[in-house]
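>>> Provided below are the primary sequence and the corresponding predicted coordinates.
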Amino acid sequence: MKKLCAQLRIEGQVQGVSFRYHTRETARRLNLSGWVKNLPDGAVAAAFEGDEAGVRQMIDWCRQGPAAARVDKVDVSLADSCGQFSSFEIVF
């Protein structure tokens with residue numbers, strides 16, 4: 001199974017709506033590793049690593065976000081599996 005690494009920047013109403021918590025839970029359910037964090041400009045950044053299908057599902061999920069969020073824009077950068085994460089965490 002092909003591995004993939006994705007780096008995302010998510011813009012919109014994505015802070016103060018449990019976006020990071022729901023991202024972590026969804027990523028763990030998909031057996032992905034990586035991180036998610038709030039950015040000072042109000043956006044959220046995330047990195048996901050795992051099998052290609054799971055990473056692509058996670059990207060699709062981020063385009064919608066949790067019910068309380070409003071996602072306006074998602075920038076995605078893909079690479080071959082980077083092998084640098086062992087779990088999925090919220091970064092503060």
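Alright, I've got the coordinates.
>>> Find the centremost residue of this structure, please.
Residue closest to the mean C-alpha point of the chain, counted by C-alpha atoms, centre = their mean, is residue 46 at 4.3 Å.
>>> Just the residues contacting the helix or strand containing that residue, thanks.
Secondary structure assigned from DSSP states H and E places residue 46 in strand 44-51. Outside of strand 44-51, the residues within contact range by C-beta atoms under 8 Å, 6 or more residues apart in numbering are 1-10, 14-15, 19-20, 23, 27, 30-39, 54-55, 58-59, 62, 81-85, 88. Just so you know, the C-beta spots here come from the backbone N, C-alpha and C atoms, and that holds for glycine as well.
>>> Swap in 7 Å and give it another go.
1-3, 5-10, 14-15, 19-20, 23, 27, 30-39, 55, 58, 62, 81-82, 85 (C-beta atoms under 7 Å, 6 or more residues apart in numbering).
>>> Take those residues and keep only those in helices.
Judged by DSSP state H, helices contain the following of the contacts of strand 44-51: 19-20, 23, 27, 55, 58, 62.
>>> could these go into CSV alongside distance to residue 68, pLDDT and neighbour count?
Shown next, in CSV, are these (distance: C-beta to C-beta, whole Å; pLDDT from 0 to 100; neighbours: other C-beta atoms under 10 Å):
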residue, distance to residue 68, pLDDT, neighbour count
19, 8, 99, 23
20, 12, 99, 21
23, 13, 99, 29
27, 18, 99, 28
55, 24, 97, 24
58, 19, 99, 24
62, 15, 99, 26
